[in-house]
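Participant: no sequence on hand, only this structure:
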């Protein structure tokens with residue numbers, strides 16, 4: 001369950017957050033770890049090739065399974081890991097550790113990318129002054 005992870009801003013009113021599907025970054029308060037938008041927007045693509053038996057292919061020193069499938073490869077190796085829940089998922093899947101897969105060459109309205117920025121940039125959001133010529 002996504003305890004404290006920005007899921008369901010209102011009291012069970014899914015449309016109560018003011019966004020039809022996704023909401024702009026930093027639209028809501030951060031979770032108890034100070035992280036924004038951990039759930040409910042889009043699931044995230046990863047670099048990891050998908051396999052049900054991933055534990056046999058990775059270890060603590062190399063936790064990534066990389067493989068970019070070619071068009072001629074069988075379908076079973078053409079999937080990438082998709083993490084987290086999206087706006088279309090039930091609450092039970094709205095967790096950063098939720099793991100699914102999708103074919104690497106498809107586009108879905110509920111799968112995107114997680115953008116990361118240093119914490120100092122979040123707290124020091126002073127606009128940069130432009131130089132006048």
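Facilitator: Done, it's in. Not measured: the values here are computed from a predicted model.

Participant: least confident secondary structure element in this structure?
Facilitator: Every helix and strand of the chain was ranked by mean pLDDT, DSSP states H and E. The lowest is helix 119-123, at a mean of 60.

Participant: which strand runs longest in this structure?
Facilitator: Longest strand in the chain by number of residues (criterion: DSSP state E): strand 43-49.

Participant: buried residues in it?
Facilitator: Going by neighbour count (16 or more other Cβ atoms under 10 Å), the buried part of strand 43-49 is 43, 44, 45, 46, 48, 49. Any C-beta I mention is one placed from the backbone N, CA and C, and that applies to glycine too.

Participant: how close does the nearest residue to residue 86 once chain neighbours are set aside get to residue 84?
Facilitator: Using Cβ to Cβ, 6 or more residues apart in numbering and skipping residues adjacent in sequence, the residue nearest residue 86 is residue 110, 3.8 Å away. Applying Cβ to Cβ, to the nearest Å, the value for residue 110 to residue 84 is 10 Å.

Participant: still on that earlier bit, could you check the angle strand 43-49 makes with the helix or strand following the longest strand of the chain?
Facilitator: Counting by DSSP states H and E, the element after strand 43-49 in chain order, helix or strand, is strand 79-83. With axes from the mean of the first three to the mean of the last three Cα atoms, to 10 degrees applied, the angle from strand 79-83 to strand 43-49 works out at 140 degrees.
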